[in-house]
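Asker: Structural data only, the sequence is not supplied:
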């Protein structure tokens, strides 16, 4: 453990030092590094595949679950996607150095805010090699240094990627240590990482709720948290029913395992009898299990009883809970009580209720007449995302390059002094 | 302690509940509450003075230091200033509900970011009754609920103010519990406050470094930290020496005890012999003790030796450390090593070095040709400040109303679904 702490301190010092160089690196150098890494990934596809095969063989021997094996595997297509992802990040505007809100004060000073990197980003994630490339790319472009700790099952592949990332940085004249991959499978290193504010400015945990809660409980460093996604669609009494059905279908069935998938459908009692039967037909055909409140079950005989527990559950599966509510006030009350503050949507043609909903629902994304599935960095135009924050502090919602930055005040004076 | 936890839980629940009402309160109601409280403070000046007299009498009996007694005392002028402060906050634009960055995405959805309150703000401060009014005002205007914990020496006065604040809120139709003052002098309540994320969204500690470090170490809730202010002025070789002398004088001698006061002066070696003697004359006349590096002491015979410790010290007193450096690179290196990342200023007529300085100095305020004393919410046009953050996460620099808010994504759709 003492050796592990020494190991992490060495990484931390190198990261802190690299972060100062990255903060002032030119846009051209950062983009060149991204393109170098993309090219190296393509040229070394065979080595990456070989490294991944070692990981896969060990994982199979350890009888890893099929879903985890699937995430761990790195296909030729996944390798190409990694390279393209880096090229896309190179094309995004450089957020660093941008100055906003410039204004002249009565004293004569001109003041604005300059976007600057946070410093060193620690990213803790599961055994998904593609996250290594994405996270490295986002940290490089935002002028930060990164310490990456991927799931131990992917260690060979992450080592191979780390080598390519370091070479790509060096060839662009940037410090190799701007991105470091933790080269030990000892989990205790996570403890060192989340309790070292002298080396790490923020932790981004990507993974299950358990991982994130454990890290948050232990951390002495700020954490950009992404907890569960218990998302709602509320069909208002003034909804366009055709839109309502389309949105409620898409929000549930487009993908079942994503955090922005609807888990609970709320329906205004005035339209429940009209909208629920056709929707239930669609869900039933697609194999979605329906769980309803008493009023719902009077309309939908196929629905089983929804318990209190259902309103609190992120199914991540073809299961939907349905509750009939009196009106928009009751819907907002339900959402602010049970939602995980991720994404919630109202379907209505009523202007006042739409405005009330977006103002009063306390979630990171609040929508009118759109599917919750849009809550995503690419769909929002952020270009890429390092996660979706369900926190209110610092970054909220999909976190792109801007979420890895901070604003400092800059003052342009002409010799002014305080009177 | 168990009773104390129960006491805090009662406060916390009331604050959480009030925060939901405050989040949707109209601008008119919030402003009315601020004006009600201002009026009540004026009308009840005699009761406030009487309460303050009780505090002062006890504090004198307990032999409180004169500086602390001075802060604790509430003069007729201070009471009027509190009332005016609240009226000024009422005049500021309401940040809540403001939508920015609206754009249409290729999918058809229109997306923007809406400014929303953080929820419940916990403020921990020393025995300064005026902070109670300021903090209450900023939290009300920003649509938050507040739990205030002032220094125990001011308990009588804070109780009297709490009553007026509650009445002012109620008369505006807002919950009395939107601002609660902790009515116990037991310090253990601070422990409950900083470890209850279910009731408190952010802690703002105002006070000495010791208080802030203690709270940060213990907190399970985000903390907007304001640590020390070790601020620098760097006089570049291309400085306008008249501006340099004016700024270096003002930054040190305008007020000695403030966090944005210069503590270390850096001077480019090329101009040291020209600029230091006239500056030293000014400082010496004002009674400022000078401590210099070896090169400084060759020019200024009156300077005593500056040690390593001096570069790390926030004097808050008429003492200045002076170091001669080779150039802007050396100045930036010194600052990024020793500065507390509060406020640092360059004096130069050289465009490239000015740009380099504001880009590379990693502090919450970075200035060109202006006195560090400008780092202040009022001077920056924020209208009021709840503190100055030396953190990078969330808010950096003077924290006004915006620092007590967050941005949520809002999506305006027309029935769009994810393809």
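Answerer: All right, it came through fine. Small disclaimer: the values here were computed from a predicted structure and weren't measured.

Asker: Check which residues of the lengthiest helix in chain A are buried.
Answerer: Secondary structure of chain A per DSSP state H: the longest helix is helix A:2-23. Going by neighbour count (16 or more other CB atoms under 10 Å in any protein chain shown), the buried part of helix A:2-23 is A:5, A:7-8, A:11-12, A:14-16, A:18-23. The way it works is simple: take the backbone N, C-alpha and C, and place the C-beta from them, glycine included.

Asker: Over to stretch A:66-73?
Answerer: Residues of stretch A:66-73 classed as buried: A:69, A:71-73 (neighbour count, 16+ other CB under 10 Å).

Asker: and chain B, which of those residues contact it?
Answerer: Among the buried residues of stretch A:66-73, no residue lies close to chain B (CB under 8 Å from any CB of the partner chain).

Asker: Now flag whichever of those residues is closest to residue A:404.
Answerer: Closest approach to residue A:404 among these (CB to CB): residue A:71, at 23.7 Å.

Asker: Quick check: the nearest residue to that closest one once chain neighbours are set aside vs chain B, distance?
Answerer: Nearest residue to residue A:71, sequence neighbours excluded (CB to CB, 6 or more residues apart in numbering or on different chains): residue A:128, at 4.9 Å. Using CB to the nearest CB, to the nearest Å, residue A:128 is found at 22 Å from chain B.

Asker: Check residue A:197 too.
Answerer: Distance of residue A:197 to chain B, given as CB to the nearest CB: 9 Å.

Asker: residues in contact with that residue?
Answerer: A:220-221 (CB atoms under 8 Å, 6 or more residues apart in numbering or on different chains).

Asker: Ok, residue A:248 next?
Answerer: With CB under 8 Å, 6+ apart, residue A:248 has these contacts: A:233, A:235, A:262, A:265, A:279, A:347.

Asker: Shouldn't the first one be within a strand?
Answerer: Read it as residue A:233. Yes. With DSSP: H, G, I helix; E, B strand; the rest coil as the criterion, residue A:233 is assigned to a strand.

Asker: Settle this for me: residue A:148 is touching residue A:158, isn't it.
Answerer: Yes. Counting by CB atoms under 8 Å, residue A:158 is a contact partner of residue A:148 at 7.3 Å.

Asker: Tell me how chain A divides into domains.
Answerer: With domains defined by automatic domain parsing, chain A comprises A:2-224+A:398-411, A:231-374.

Asker: Is it possible to get CSV of those that adds mean pLDDT?
Answerer: CSV is the format used below for those (pLDDT from 0 to 100):
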stretch, mean pLDDT
domain A:2-224+A:398-411, 94
domain A:231-374, 97
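
Asker: rewinding a little: from the buried residues of stretch A:66-73, which is closest to chain B?
Answerer: residue A:71 (21.8 Å; CB to the nearest CB).

Asker: any idea how far residue A:359 is from the closest residue to residue A:268 other than its chain neighbours?
Answerer: Spatially, and ignoring its direct neighbours in sequence, residue A:268 is nearest to residue A:237 (4.0 Å; CB to CB, 6+ apart). Applying CB to CB, to the nearest Å, the value for residue A:237 to residue A:359 is 19 Å.

Asker: follow-up on the earlier one: which members of the buried residues of stretch A:66-73 occur in helices, if any?
Answerer: Short answer: the buried residues of stretch A:66-73 in helices (DSSP H) are A:69, A:71-72.

Asker: quick revisit: right, and the residue nearest to residue A:268 touches residue A:327 too?
Answerer: Yes. Using CB under 8 Å, residue A:237 is in contact with residue A:327, at 7.0 Å.

Asker: what do these two both touch?
Answerer: Residues touching both residue A:237 and residue A:327 by CB under 8 Å, 6+ apart: residue A:268.

Asker: Show the contacting residues for residue A:395.
Answerer: Shown in contact with residue A:395 (CB under 8 Å, 6+ apart): A:224, A:389, A:402-403.

Asker: I'd like to know how many residues surround residue A:94.
Answerer: 18 (other CB atoms under 10 Å in any protein chain shown).

Asker: List phi and psi for the nearest residue to it once chain neighbours are set aside.
Answerer: In space, not counting the residues next to it along the chain, residue A:94 is nearest to residue A:27; the distance is 4.1 Å by CB to CB, 6+ apart. The phi/psi pair for residue A:27 (degrees, to the nearest 10) reads phi -60, psi -40.

Asker: go on, the one 5 residues further on?
Answerer: Taking degrees, to the nearest 10, you get phi -60, psi -40 for the backbone angles of residue A:32.

Asker: Strands of the stretch 101-250 of chain A, residue ranges please.
Answerer: Ranges of strands within the stretch 101-250 of chain A are A:110-117, A:120-124, A:145-149, A:179-181, A:202-205, A:231-235, based on DSSP state E, counting those that start in this stretch.

Asker: Return the most buried member of the ones you listed.
Answerer: strand A:231-235 (a mean of 29; mean count of other CB atoms under 10 Å in any protein chain shown).

Asker: which residues touch that one?
Answerer: Taking CB under 8 Å, 6+ apart as the rule, strand A:231-235 contacts A:244, A:247-248, A:251, A:259-268, A:271, A:275, A:325, A:328, A:331, A:334-335, A:338-340, A:342-347, A:357, A:371-372, A:375.
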